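In: Predicted model follows, preceded by the sequence.
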Amino acid sequence: MSVEPLQTAGPGPYTVPYGRLVPVTVHFDDLDALGMLHNARYPLLAERAWGEYWHAQGFAFDGDWATAGDMCNVIKEMRLTYERPITRAGRYAAHLWVERLGRTGLTYGFRICSADGTETYAEGHRVLVRVDFATMRPTPWSDRARAIADGLRRPGAGAA
């Protein structure tokens, strides 16, 4: 199953000025004892949205790391700031964009937000490094992955 982005930049009810809005769902059992989305679920929602986005672009992992290509990457850094709690199950969105695209590294930004992108619940970034499975050393992103990531770049974002 793949999920289409809610909206690309441009006119429409779910408009973001850059990047993509990808739908995410908060389930009742994602809420903690205080009735708020558990803090560990925010990065999980972002991770799942990124996975859906890349899958929709034709990138997949079939269980063989030796042939995983661009899907073989590791997290170097993650930052997350909680702005306000999600207190109900339902449909939300992950706003995804690229902050920096280097030869072997990629910094992406994300917001967990209302389905229409107008309310922010949490915001952060992650730094990924593409690695070669055989050596576990950094290796360049493919031209195809670079082109797709470049299309998500936030205006004014840094280049490598």
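Out: Sure thing, it's come through.

In: what's stretch 132-149 in contact with?
Out: 54, 57, 59, 65-66, 68-70, 72, 98, 101, 103-106, 129-131 (Cβ atoms under 8 Å, 6 or more residues apart in numbering). C-beta: built from backbone N, CA, C; applies to glycine.

In: Narrow the residues you listed to those that are buried.
Out: 54, 59, 68-70, 72, 98, 101, 104-106, 129-131 (16 or more other Cβ atoms under 10 Å).

In: Need the three-state assignment for the residue nearest the centre of the chain.
Out: In the chain, the residue lying closest to the centroid (Cα atoms, centre = their mean) is Trp50, at 3.5 Å. Classification of Trp50 using DSSP: H, G, I helix; E, B strand; the rest coil returns helix.

In: Pull the contacting residues for it.
Out: Trp50 makes contact with 22, 94, 96, 108, 110 under the criterion Cβ under 8 Å, 6+ apart.

In: Look at it and report its pLDDT.
Out: At Trp50, the model reports a pLDDT of 96.

In: now it: how far from Glu83?
Out: Distance, Trp50 to Glu83, by Cβ to Cβ, to the nearest Å: 20 Å.

In: repeat for Ser114
Out: Distance from Ser114 to Glu83, by Cβ to Cβ: 12 Å.

In: Which ChimeraX command selects the buried ones in the contacts of Trp50?
Out: Selection command for ChimeraX covering only the buried members of the contacts of Trp50, criterion 16+ other Cβ under 10 Å:
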select :22,94,96,108,110
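
In: for the contacts of Trp50, which one is nearest Leu34?
Out: Comparing those against Leu34 with Cβ to Cβ places Ala94 closest, at 22.7 Å.

In: Which of the helices or strands spans that closest one?
Out: strand 90-101 (DSSP states H and E).

In: farthest pair in the contacts of Trp50?
Out: Largest separation among those by Cβ to Cβ: Val22 and Tyr108, giving 12.2 Å.

In: joint contacts of these two?
Out: Listed as contacting both Val22 and Tyr108 by Cβ under 8 Å, 6+ apart are 50, 96.

In: if we can go back for a sec, could you dump the buried ones among the contacts of stretch 132-149 to CSV with secondary structure and pLDDT?
Out: Compiled in CSV, the buried ones among the contacts of stretch 132-149 are given as follows (DSSP: H, G, I helix; E, B strand; the rest coil; pLDDT from 0 to 100):
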residue, secondary structure, pLDDT
Trp54, helix, 95
Phe59, coil, 94
Ala68, coil, 92
Gly69, helix, 94
Asp70, helix, 95
Cys72, coil, 95
Val98, strand, 97
Leu101, strand, 96
Thr104, coil, 98
Gly105, strand, 97
Leu106, strand, 96
Val129, strand, 98
Arg130, strand, 97
Val131, strand, 97
